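Participant: Curious how this folds, go ahead:
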Amino acid sequence: MNAHLDSLDTRTLRIGALQLENALLLAPMEGYSDQPFRRICRRLGADLVYTEFTSSEGLVRLAGRTASKIALAEDERPVGIQIYGRDAGRMALAARRAAENEPDLLDINFGCPARKVCGGGAGSQLMREPELLLEVAGAVARAVELPVTVKMRLGWDEGSRNAVELALRLQDLGIRALTIHGRTRCQKFEGEADWDGIAEVKRAVEIPVIGNGDVKSPRDALRLFLHTGVDAVMIGRAAIHYPWIFRETREFLRTGTPSAPPDLAERVALLRGHLDLALAHKGEHRAVLEMRKMYAAYLRDYPGIRSLRMELMALDEAPAVRARLERLQEEVAGLDTGDSAAAGWTPAAAAS
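Facilitator: Down below sits the predicted model:
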């Protein structure tokens, strides 16, 4: 693998003022790439992170939790806000509203395969309506001074793979970079990602192309760089369960050897840090509730994970969750209560 590593020339991602080498990006993921998780991934080696996708209507009216979704912390930069919708005028208004939070870029979601989003005429549905897609992209690009980028798929289905054609026209509209997920909408997340399709887009355009799909390990990231020639690699679902993938991949790209995986003490310390970030950002009730989906991922090496997870899931107040995690830290690391220095991350620092 080291011989192949030598063939990876430094790939530089340039988007506006951003200049990142061999960049690893956290994908925008609804329900996961919230501010606490973005901050964690940045600290673990992600070069650029994105918010959860946010509807243009929600942004224009600042409805529900929209303000929270696009609230940015200084230590997560560089960061992009991702928006979606099908009305060009409303998308332009939403872009201006998002720009008030001073992200490093705005990204338009033309790739979401979810039935609810496509059924509303947005996401990858717009790949079936290319003229409307281009109208929306052009309106957003003209509305703001920030760099505007696009995330899309190879097409709606195998019979309508139009990513190359759209990429060329988006480039002409002033879109500054493209992220290509190597599947069609109809594939959703099934089957294997078609990296050849990503490479076709990369060869066709002059603007940066970011590859996305089936990056589950450091070796996958290297293979995607080499196979497609992309300017950066975006990691999605693999990071949900293992945010350390950024740290390990960064070391692998540099040396040919991944960094050591986290031990259980580090996993527990990061879980505690994540909880405190969530509490500070979301408040007690919502944070405790939403953290439940992370227990299995963070604690998967713990021998009693099933019973421990059930115990944690039954707790609905932050002090009780904190106390249980502190006891767990003592059990797995032999540390004094409250000491998580083994991970280089203390709960108090995480909330700062």
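
Participant: Report all helices and strands that whichever helix or strand residue 239 is part of contacts.
Facilitator: Secondary structure assigned from DSSP states H and E places residue 239 in helix 237-241. Secondary structure elements in contact with helix 237-241, counted by 3 or more Cβ pairs under 8 Å, 6 or more residues apart in numbering; DSSP states H and E, are helix 245-255. Every C-beta, even on glycine, is put in place using the N, C-alpha and C of the backbone.

Participant: Beyond the helix it packs on, next helix or strand please.
Facilitator: Going down the chain from helix 245-255, the next helix or strand is helix 264-282, by DSSP H and E.

Participant: For that next one, could you pull out the residues that count as buried?
Facilitator: Along helix 264-282, the positions that meet the burial threshold by neighbour count (16 or more other Cβ atoms under 10 Å) are 264-279, 281-282.

Participant: list the buried ones in stretch 182-197?
Facilitator: By neighbour count with 16+ other Cβ under 10 Å, stretch 182-197 contains the buried residues 182, 183, 184, 185, 187, 193, 194, 195, 197.

Participant: Dump the residues you listed to CSV, plus distance to residue 108.
Facilitator: Compiled in CSV, the buried residues of stretch 182-197 are given as follows (distance: Cβ to Cβ, whole Å):
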residue, distance to residue 108
182, 19
183, 18
184, 18
185, 16
187, 21
193, 21
194, 22
195, 23
197, 20
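
Participant: one step back: what comes up buried for the helix holding residue 239?
Facilitator: Going by 16+ other Cβ under 10 Å, helix 237-241 has these buried residues: 238, 239, 240.

Participant: In contact with the first one, which residues are there?
Facilitator: Taking Cβ atoms under 8 Å, 6 or more residues apart in numbering as the contact definition, residue 238 lies against 215, 216, 217, 245.

Participant: Would you quantify the distance from the nearest residue in space to the second one that is not next to it in sequence to residue 266?
Facilitator: The shortest distance from residue 216 to any residue that is not its chain neighbour, by Cβ to Cβ, 6 or more residues apart in numbering, is 4.7 Å, and that residue is residue 238. Here the distance between residue 238 and residue 266 works out to 18 Å (Cβ to Cβ, to the nearest Å).

Participant: Going by neighbour count, list what's buried in stretch 102-112.
Facilitator: By 16+ other Cβ under 10 Å, the buried positions in stretch 102-112 come out as 103, 104, 105, 106, 107, 108, 109, 110, 111, 112.

Participant: What is the burial count for residue 213?
Facilitator: Burial of residue 213 is recorded as 27 neighbouring residues (other Cβ atoms under 10 Å).

Participant: related to what we said a few turns ago, pick the one among the buried residues of stretch 102-112 closest to residue 299.
Facilitator: Relative to residue 299, the closest of the buried residues of stretch 102-112 is residue 112; by Cβ to Cβ it sits at 29.8 Å.
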